[in-house]
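A.B. asks: Test case, fold it:
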Amino acid sequence: MAVSRAMRRLLHVLEIQEEECRAAMESARAELKRTGTALTWNVERERGGRRLVAASAATGEIADRIAGIEETRVAKRFALALSRALRNRNRPLICGSASSSASASNAGRLRRLSRRRKPWSALKQGGVRNGISMTGF
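C.D. replies: As a prediction, the model looks like this:
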């Protein structure tokens with residue numbers, strides 16, 4: 001007796017759900033990387049502003065000092081805007097994103113394993129009872 005059509009459909013649906021979870025996890029990882037890059041760029045911008053202020057103190061250039069102060073201020077405002085944007089999307093801040101990404105990855109992996117085991121064990125049991133080899137699937 002052949003494996004039931006409903007069980008094959010169930011396995012197909014579970015594979016589709018697994019692919020959707022994988023895509024969501026990859027999207028979250030890409031967003032985490034973009035946000036980390038933005039924060040790194042912003043930290044460098046703030047440091048550059050402070051260096052400009054320090055250099056202008058040695059040379060006496062008022063324009064450089066004002067530009068350095070402005071760069072530092074803009075970098076702080078950008079960091080504040082980025083953190084607000086992350087909070088408004090109901091997502092954890094950067095320090096928690098990596099751990100939440102890892103826990104989501106582990107949860108997804110466990111879910112995939114349990115989902116795959118259920119239909120396969122039912123398919124194998126049905127095949128063994130009916131004397132059908134399940135190696136071709």
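A.B. asks: Strands of this structure, start to end?
C.D. replies: Ranges of strands within the chain: none, based on DSSP state E.
A.B. asks: pLDDT weak spots in it?
C.D. replies: 1-2, 89-137 (pLDDT under 70).
A.B. asks: pretty sure residue 51 is touching residue 68, no?
C.D. replies: Yes - assessed by C-beta atoms under 8 Å, residue 51 is found in contact with residue 68 at 7.3 Å. Using the backbone N, CA and C atoms, a C-beta is placed for each residue, glycine as well.
A.B. asks: Show me what stretch 75-82 is in contact with.
C.D. replies: Contacts of stretch 75-82 with the rest of the structure, by C-beta atoms under 8 Å, 6 or more residues apart in numbering, involve 35, 38, 39, 42, 43, 45, 46, 49.
A.B. asks: need the contact list for the nearest residue to the last one once chain neighbours are set aside.
C.D. replies: In this case it means residue 49. The spatially closest residue to residue 49, leaving aside those adjacent along the chain, is residue 71, at 3.0 Å (C-beta to C-beta, 6 or more residues apart in numbering). Applying C-beta under 8 Å, 6+ apart to residue 71 gives the contacts 45, 46, 48, 49, 52.
A.B. asks: re earlier: let's see which of the contacts of stretch 75-82 end up in helices.
C.D. replies: 35, 38, 39, 42, 43, 45, 46, 49 (DSSP state H).
A.B. asks: Could you tell me how many residues sit around the third one?
C.D. replies: This points to residue 39. Using other C-beta atoms under 10 Å, the number of residues around residue 39 comes to 15.
A.B. asks: repeat for the fourth one
C.D. replies: Number of residues near residue 42 (other C-beta under 10 Å) recorded here: 18.
A.B. asks: Alright, calling it a day.
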